[in-house]
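Visitor: turn this into a structure:
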Amino acid sequence: MGVSLYRRMLEYTRPYVPRLLLAMVVMVGVSALSGSTAFLVKPILDDIFIRKDAAQLTYIPLLVLAIYLVRGVLEFTQSYLMAGVSGWCGTSASTCTATCSRCRSRFTLDTPPGS
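Guide: So this is what the prediction gives:
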C-alpha cells in the first residue's frame with residue numbers, strides 16, 4: 001500500500017477535522033480536571049482535617065463538586081463529538097449502515113486492485 005492510498009483515505013476524514021480538534025481540546029480539559037482533583041487532596045488533608053479550618057470546609061467541597069460537574073460536562077461533550085465523527089450520533093442504524101456501505105463502496109471502487 002502506497003502513500004497515495006493513505007492520502008486518499010485521509011480525504012474522507014477531512015470534513016471531521018474541526019470536530020476532532022475540538023474533541024482533543026476537550027480531552028485536554030478533562031485530563032487537567034482529573035489532575036486537579038488529586039492536587040486538592042493536600043489542602044483537604046492539611047486544612048480541613050489537621051488544622052480544622054472551618055472556612056476551608058465550606059469552599060473546598062464546593063470546589064470539588066464544581067470540578068466534577070465541569071469534568072462530567074466535558075466528558076459528555078467529548079463523547080458527543082467523537083460519536084458524531086464516527087457517524088452514530090443522531091442517526092438511525094439503517095441510515096448509518098447505508099452511509100457506511102456507500103463510503104465503503106466508494107473507497108472500493110476508487111481503489112485499484114493490488115494497491
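Visitor: helices of this structure, start to end?
Guide: Secondary structure of the chain, counting by DSSP state H: helices at 3-13, 17-39, 41-43, 54-86, 93-110.
Visitor: quick one, the fourth one and helix 3-13 angle?
Guide: Think helix 54-86. Taking axes from the mean of the first three to the mean of the last three C-alpha atoms, to 10 degrees, one finds helix 54-86 and helix 3-13 inclined to each other by 120 degrees.
Visitor: which strands and helices sit next to helix 54-86?
Guide: Taking 3 or more C-beta pairs under 8 Å, 6 or more residues apart in numbering; DSSP states H and E as the contact definition, the neighbouring helices and strands of helix 54-86 are helix 17-39. (Glycine included, C-beta is placed from N, CA and C.)
Visitor: how many neighbours does the closest residue to V30 other than its chain neighbours have?
Guide: Leaving aside its sequence neighbours, V30 sits nearest to L74 (C-beta to C-beta, 6 or more residues apart in numbering; 4.8 Å). The local packing of L74 (other C-beta atoms under 10 Å) involves 19 other residues.
Visitor: which residues touch L74?
Guide: With contacts taken as C-beta atoms under 8 Å, 6 or more residues apart in numbering, L74 has the following neighbours: V26, G29, V30, L33.
Visitor: now do the contacts for the first one.
Guide: What that stands for is V26. V26 makes contacts with L74, T77, Q78, L81, as judged by C-beta under 8 Å, 6+ apart.
Visitor: again with the second one
Guide: Applying C-beta under 8 Å, 6+ apart, we find G29 in contact with L74.
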